[in-house]
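S.K.: Generate a structure from the sequence data that follows.
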Amino acid sequence: MTPTSEGPRLGVFGGTFDPIHLGHLEVAEDCARKLDLDPVLMVPSNLPPHRAQPRASAQDRMAMVQLAVIGYQRLRASDLEVRRGGVSYTVDTIRALRQEYPAAEITLLLGWDAVEEFAGWRDTAEVTRLARIAVFNRAGSPAPDRTILDELGLPPDTAVLEVASPAVSATSVRRLLAEARPGAAVLPPAVEEYIRENGLYRE
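M.R.: Here you go, the predicted model:
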């Protein structure tokens with residue numbers, strides 16, 4: 001972590017990462033550059049509260065994130081939610097990071113799909129008190145309207161970023177893997193090898 005006179009600028013990029021793919025990594029890197037974040041913590045959830053049960057175990061998803069961030073200078077794998085166990089609520093993660101890094105400026109990075117669910121999250125007021133929010137959308141898509149962000153409970157200082165990333169989703173990656181097709185175009189090689197060696201995502 002690179003300290004500054006004001007404290008480190010810490011990014012938090014959470015997700016199921018089932019599996020983590022190049023889209024996740026490129027978005028996180030782009031956000032890190034544009035907001036001068038170092039590091040961005042890639043935090044796989046243990047049990048996501050708003051999504052179906054992940055196909056891969058928390059331990060396998062954590063291992064894949066650890067492999068995926070190798071070579072990315074600003075990205076770090078964090079086992080905070082996996083280690084805590086149970087259902088992974090963002091507010092608990094931000095509280096834990098605030099205790100661990102009291103001088104840090106914490107920025108929670110959210111994709112538009114997560115933002116649409118934000119109003120239903122646990123204790124959003126505490127999340128926005130403890131961390132800044134940055135919303136990213138894919139290049140070529142219209143930026144989220146500020147009025148919509150207000151309606152969804154995002155604070156006025158929410159940053160909005162346009163990021164470039166491959167048009168890939170974890171769902172499409174799992175489908176590709178189930179069909180025994182190579183995932184080199186969308187997966188880090190070490191992650192693809194881990195999936196193959198551990199027999200993950202087979203139908």
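
S.K.: use CA for all of it now, contacts and neighbours both
M.R.: Fine.

S.K.: which residues touch the top helix by length along the chain?
M.R.: If you go by DSSP state H, the chain has its longest helix at helix 22-35. Residues from elsewhere that reach helix 22-35 (C-alpha atoms under 8 Å, 6 or more residues apart in numbering): 11, 13, 37-40, 68-69, 72, 74-75, 109, 136, 161, 163-169, 186-188.

S.K.: Now it: buried residues?
M.R.: By 16 or more other C-alpha atoms under 10 Å, the buried positions in helix 22-35 come out as 22-32.

S.K.: Listing partners with orientation, what would you give for the helix or strand following that helix?
M.R.: Counting by DSSP states H and E, the next helix or strand C-terminal to helix 22-35 is strand 40-44. If you go by DSSP bridges, strand 40-44 pairs up with strand 9-15 (parallel), strand 75-77 (parallel).

S.K.: So which residues of this structure form helices?
M.R.: For the chain, helices defined by DSSP H occupy the ranges 22-35, 58-68, 80-84, 90-100, 112-117, 124-130, 146-151, 170-178, 189-198.

S.K.: Work out the gap between the longest one and the centre of the chain.
M.R.: Right, the one you point to is helix 22-35. Put simply, helix 22-35 sits 10 Å off its chain's centre (C-alpha atoms, centre = their mean, to the nearest Å).
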